[in-house]
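In: Sequence isn't available, so here's the structure alone:
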């Protein structure tokens, strides 16, 4: 299978500080990857490096055959990376619909399709971004990334701080995107049990390096390994 | 809340959807009515309309794109001189002069916009101010084309060959200015509600995040700055055409500062702020200058300080409560 994404010997961080180092990663088209690990091991830095908002010290990122490393964040987004940041960063002065329209790029994902995926957003289409609940903001952040018609969706802790019922709703959408739509995605998450059931592959990060990589189904069964790397972050 | 921040509720309300609200229709009809009802004040009304257009240009830059500019007079002056020079070259139709002057000012905006892409608000303030000073001095030095300190006088021909806009047709001049202002307002309204306009607002709110979502800051800021420069140029051109004079003061710092005050008074980020601010500022200036010619600036400064310290929304709330109470008392009295 052709790689959609190839991260080669990536070292990156913030300023002089290196948070991830020598990281290698490959992801095929239509595949989904769970990025697991405790707090502060470099999961968000990995995602931020893919979108280009960190300092790259070494290595390169190849996406759909093209080297992304010299590209600015906006060029990477236009190349097909859809980012759902941890903080969501909804544009509060824009309505739901305006948030979606402001970044839209031509493609299969349209306003109507996003509304079909998230009916709640349609109900709230005229509400300001700042008037939404946390769950609605997260839905909007995902919908906004889809409006870019990405080839690879990058989700940074999408369930963080959400009510359990909203988490289930959101995960159902992500599952549909991964399995039915075949959208490639990388999901950073601490709750491994939530995302391993529908992702294809998984990696565990520790101190900025991959310490374990395996198919998600296999990792899911290895409770001792998960406990060893993730327990401290549970609860 | 800072007074420079958009009055959130009004701005959000107006920025949503393209449907015209009844009060907007009433707003524009009221201006037409004023032009016909107060023929003796046609000059003042024209001045307000043109200042409103100038403030609208700053609103696009400051209210929507978040670019702080103290040099909007650069484009106002360019438009004024361009219209003046075009008229002296024998182009009789004011509309052609207006369009050409706006395009020239817009091009100047596009050329100078890259200077604003780096740096903070302070850098932008200095750069925009510097460009205006530079152009003012260029106009001063190039007397052969600008008339130098004597300025340029032009006799604008009737619009479409039918409607004189010089001192013999002051009402026509106001109607001409209003027609241009309205057309440009409608265009601005559509612009800020378009995906382009929305992305500019997203950039203003969170440039880093918007950039990572595929919104190119540089292209959009250059584009909106160029468009706003064309608006300022149109305002300058109309001033030249309807007053028949262009002098070096079109590049003066006070023009940039005044238009900033107008926008702050009316509130940036919802298009009407500049128009309301211009009306308030110029009417107050006119009224106060007649009453106390020596101290009029004091009476302009005082409400501004109050507005900034107290906040527009609080003042608006107070006025609304007072109006409600007065209406209630009137109803009880009638009963």
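Out: Sure, I can see it. Nothing here was measured: the structure is a model prediction, and the numbers come from that model. Residues are numbered from 1 along each chain as shown, chains lettered A, B, ... in the order given.

In: I'd guessed residue B:279 sits against residue B:55; true?
Out: No - contact between residue B:279 and residue B:55 fails when scored by Cβ atoms under 8 Å: they sit 9.8 Å apart. In short, each C-beta sits where N, CA and C put it, glycine included.

In: Can you give me the buried ones in the lengthiest helix in chain A?
Out: What stands out as the longest helix in chain A, according to DSSP state H, is helix A:164-179. In terms of neighbour count (16 or more other Cβ atoms under 10 Å in any protein chain shown), helix A:164-179 has its buried residues at A:166-167, A:169-171, A:173-174, A:177-178.

In: repeat for stretch B:229-247
Out: Within stretch B:229-247, the residues scored as buried using 16+ other Cβ under 10 Å are B:229-244, B:246-247.

In: Next: stretch B:28-45.
Out: Within stretch B:28-45, the residues that qualify as buried are B:28, B:31, B:34-35, B:41-42, B:44-45, counting by 16+ other Cβ under 10 Å.

In: List the contacts of that stretch.
Out: B:49, B:170-171, B:173-175, B:178, B:182, B:282-283, B:286 (Cβ atoms under 8 Å, 6 or more residues apart in numbering or on different chains).

In: Among those residues, pick out the one closest to chain A, please.
Out: residue B:182 (24.7 Å; Cβ to the nearest Cβ).

In: quick one: secondary structure of the closest one?
Out: helix (DSSP: H, G, I helix; E, B strand; the rest coil).

In: what's around it, how many residues?
Out: 15 (other Cβ atoms under 10 Å in any protein chain shown).

In: which helices and strands does the helix or strand of chain A with the lowest mean pLDDT pack with?
Out: Within chain A, confidence by mean pLDDT, DSSP states H and E is lowest for helix A:223-230 among all helices and strands, at a mean of 81. With contacts defined as 3 or more Cβ pairs under 8 Å, 6 or more residues apart in numbering or on different chains; DSSP states H and E, the packing partners of helix A:223-230 are strand A:32-36, strand A:201-206, strand A:209-215, helix A:216-221.

In: Single out the most deeply packed of the ones you listed.
Out: Stretch with highest mean neighbour count among these: strand A:32-36 (a mean of 26; mean count of other Cβ atoms under 10 Å in any protein chain shown).

In: circling back to that earlier point, residues contacting the following helix or strand past the longest helix of chain A, please?
Out: Per DSSP states H and E, helix A:164-179 leads on to strand A:184-188 as the next helix or strand towards the C-terminus. Residues from elsewhere that reach strand A:184-188 (Cβ under 8 Å, 6+ apart): A:4-5, A:27-35, A:43-44, A:46-47, A:50, A:86, A:151-158, A:174, A:177-178, A:195, A:199.

In: for stretch A:12-26, same thing?
Out: A:3, A:5-11, A:33, A:42, A:45-46, A:48-49, A:54-59, A:203, A:205, A:208-210.

In: Tell me which residues of that stretch come out buried.
Out: Under the neighbour-count criterion of 16+ other Cβ under 10 Å, stretch A:12-26 has A:12-13, A:18-21, A:23, A:25-26 buried.

In: so what's the backbone phi/psi at the residue most central in space within chain A?
Out: Residue closest to the mean C-alpha point of chain A, counted by Cα atoms, centre = their mean, is residue A:155 at 1.7 Å. Dihedral pair for residue A:155: phi -120, psi 120, per degrees, to the nearest 10.

In: hang on, the earlier thing: would you turn the contacts of stretch B:28-45 into CSV with distance to chain A and pLDDT?
Out: Putting those into CSV (distance: Cβ to the nearest Cβ, whole Å; pLDDT from 0 to 100) gives the following:
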residue, distance to chain A, pLDDT
B:49, 28, 96
B:170, 41, 81
B:171, 40, 84
B:173, 37, 89
B:174, 35, 92
B:175, 35, 93
B:178, 30, 96
B:182, 25, 97
B:282, 29, 92
B:283, 30, 91
B:286, 35, 87
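
In: Filter these down to the buried ones and express that as a PyMOL selection.
Out: This is the PyMOL syntax for the buried subset of the contacts of stretch B:28-45, where burial follows 16+ other Cβ under 10 Å:
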select buried, chain B and resi 49+170+171+173+174+175+178+282+286
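
In: Farthest pair within the contacts of stretch B:28-45?
Out: B:182 and B:286 (22.8 Å; Cβ to Cβ).

In: Sweet, I'm off.
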